[in-house]
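Novice: With the input below, show me the fold.
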Amino acid sequence: MTDAHLAAAGAPFERDDHKVNIPGIEQETRESAMELTLSRLAERLERSGRRLDGVLFSGDAQDRGRPGGHQILLDLILRHFGPLGVATAQIVAVPGNHDVPRASLPSSSARYQAFTEVWRKAGCVTPWLAVSTPLRATVGHTGW
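Specialist: Here you go, the predicted model:
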């Protein structure tokens, strides 16, 4: 999963391909579109008797750095995929460029604070982000 671009205030869902009118995709926000997408995926997986081993999130939960995207996405993942076997320990998350303040230094604690406050605090795996600052490689880390 990648590039959700969600925000607590709501992020507009702008479709740029209008060749086909797909019923049920008249969503006004990215948050409502993501809710619908994950709901339908979870229903399909459940109907086919499948479970998930985990979720890999590769960044950009937030829309242009606006707050709230991390928690919204984590809650959606757990609500829809929790019943399919996904717990926080089976979610691997790394930040994207929209998940960090632009003016922050790459190795500063402020750069990753909002990201780790949600994902790591919930118990998700956040590789490459050191527990303390400055940011350093976690070679040999055995927690994931």
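
Novice: Which strands or helices does the helix or strand that contains residue 114 pack on?
Specialist: Assigning secondary structure by DSSP states H and E places residue 114 in helix 109-122. Using 3 or more C-beta pairs under 8 Å, 6 or more residues apart in numbering; DSSP states H and E, the elements in contact with helix 109-122 are helix 69-81, strand 91-93. C-beta coordinates here come from the backbone N, C-alpha and C atoms, glycine included.

Novice: Could I get the full set of strands for the chain?
Specialist: Remark: strands assigned in the chain by DSSP state E are 55-57, 91-93.

Novice: hmm, back to that, next, format the helices and strands packed on helix 109-122 as a markdown table and append mean pLDDT and distance to residue 37.
Specialist: What follows is these, written out as a markdown table (pLDDT from 0 to 100; distance: least, C-beta to C-beta, whole Å):
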| stretch | mean pLDDT | distance to residue 37 |
| --- | --- | --- |
| helix 69-81 | 96 | 9 |
| strand 91-93 | 96 | 17 |
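
Novice: Just put those in a markdown table and tack on distance to residue 61 and mean neighbour count.
Specialist: Formatted as a markdown table, those follow (distance: least, C-beta to C-beta, whole Å; neighbours: other C-beta atoms under 10 Å):
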| stretch | distance to residue 61 | mean neighbour count |
| --- | --- | --- |
| helix 69-81 | 4 | 21 |
| strand 91-93 | 8 | 23 |
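
Novice: Kindly calculate the angle that the lowest-mean-pLDDT helix or strand in the chain makes with helix 69-81.
Specialist: Within the chain, judged by mean pLDDT, DSSP states H and E, the helix or strand with the poorest mean is helix 109-122; its value is a mean of 90. Here the directions of helix 109-122 and helix 69-81 differ by 20 degrees (axes from the mean of the first three to the mean of the last three C-alpha atoms, to 10 degrees).

Novice: Give me the contact list for helix 109-122.
Specialist: 61-62, 67, 70-71, 74, 88, 91, 93, 95, 99-101, 104-105, 126, 129, 132-135 (C-beta atoms under 8 Å, 6 or more residues apart in numbering).

Novice: now do stretch 66-75
Specialist: Contacts for stretch 66-75 (C-beta under 8 Å, 6+ apart): 4-9, 11, 31, 34, 57, 61-63, 88, 91, 98-99, 114-115, 117-119, 122, 124.
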